[in-house]
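Novice: when you get a sec, could you give me coordinates for this:
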Amino acid sequence: MQAYSGFAEVYDEFMDNVPYEEWADRFDALIRRYSMPDSPEDGNEEKKILVDLGCGTGVLTELMAGKGYNVWGIDLSPEMLAVAQEHKASTGQDILYICQDMREVELPFQVPYCISACDCVNYLLTDDDLLAMFRSVHSSLLPDGLFLFDFNTLHKYRDVIGDTTIAESRENAAFIWENWFDPDSRINEYDLTLFTKKSPEDPDSEEFLRSIETHYQRGYTAEEMLSCAQKAGFRLLESMDADDNGPVRSESERVLFVLRK
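Specialist: Just a heads-up that it's a prediction; the model follows:
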């Protein structure tokens, strides 16, 4: 599952089109809609804790902290967390970052809320891995706690992305994304070739460093995802198309679930 090593330092630059603020507003609204009766307004700081699972560079984590949550960011990539720590140092937000596997989350006590955005759970490539993640989150939540997360659908990997190549160039970095989808295993593989400017502070520099990393994700249907969540002890409160906030449809590319322990 280890990924986002060389990509970490330029991740935010290439993800500047992601609507993080809209995601934060939606997560906050859903949490307020379904939150436990005595939180987070009762003054108990522990009941304001929100875990951002697969937090990456911490952009969404920072936004949720700005909404008044006591946020803990968890990610498997030390390189991504290092960038998140840089954001934290510049903003002064009181965020705890933890390097852990989402299948084996260990917290000092149970918390009320957990979120996961930007298809992090698709990095779980087997049913056993997916169930381990759900059980790990379930055991980390307080009774009636909420788990809100999105995921890319099988339809997106199979019918939308498929076998394709994407390239993008910016002033200080460029990438080539070569994508393959295996319909039998339903594993989506993409090889990411990165070119990052060796001295980004020097506008006249023409030296670039080349690196390659490979990512694997798996496509799931909404029915499969829900079945696995229910095996771990969750019940579904709400589901939606994560791109337009409408109902989940056969052509939905990203789905958002709101689960209760």
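Novice: Glu207 contacts Phe195, doesn't it?
Specialist: No - between Glu207 and Phe195 there is no contact under CB atoms under 8 Å: 10.2 Å. Any C-beta I mention is one placed from the backbone N, CA and C, and that applies to glycine too.
Novice: mind checking which of these two has more residues around it?
Specialist: Phe195 (16 against 8; other CB atoms under 10 Å).
Novice: look up how far Lys231 lies from Ser35.
Specialist: 25 Å (CB to CB, to the nearest Å).
Novice: cool, Ala117 as well?
Specialist: Distance from Ala117 to Lys231, by CB to CB: 23 Å.
Novice: compare those two (neighbour count), which wins?
Specialist: Ranked by neighbour count (other CB under 10 Å), Ala117 and Lys231 place Ala117 first, with 28 against 13.
Novice: can I assume Ser252 sits in a helix?
Specialist: No - assessed with DSSP: H, G, I helix; E, B strand; the rest coil, Ser252 is coil; it does not lie in a helix.
Novice: count the residues that sit near it.
Specialist: 22.
Novice: could you count how many residues lie near the closest residue to it other than its chain neighbours?
Specialist: Take Ser252 and drop its neighbours on the chain: the residue closest to it by CB to CB, 6 or more residues apart in numbering is Asp241, 4.5 Å away. Residues lying near Asp241 (other CB under 10 Å) number 19.
Novice: what sits against Asp241?
Specialist: 247-249, 252, 254-256 (CB atoms under 8 Å, 6 or more residues apart in numbering).
Novice: could you measure from Gly162 over to Phe208?
Specialist: Taking CB to CB, one finds Gly162 at 29 Å from Phe208.
Novice: chain center to the helix or strand harbouring Val255, what's the gap?
Specialist: Following DSSP states H and E, one finds Val255 within strand 254-260. The chain centroid and the centroid of strand 254-260 are separated by 13 Å, computed with CA atoms, centre = their mean, to the nearest Å.
Novice: that older thread, now distance to Glu189 and pLDDT too, for the contacts of Asp241, in a markdown table please.
Specialist: A markdown table is the format used below for these (distance: CB to CB, whole Å; pLDDT from 0 to 100):
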| residue | distance to Glu189 | pLDDT |
| --- | --- | --- |
| Pro247 | 31 | 97 |
| Val248 | 26 | 98 |
| Arg249 | 27 | 97 |
| Ser252 | 22 | 98 |
| Arg254 | 19 | 97 |
| Val255 | 22 | 98 |
| Leu256 | 25 | 98 |
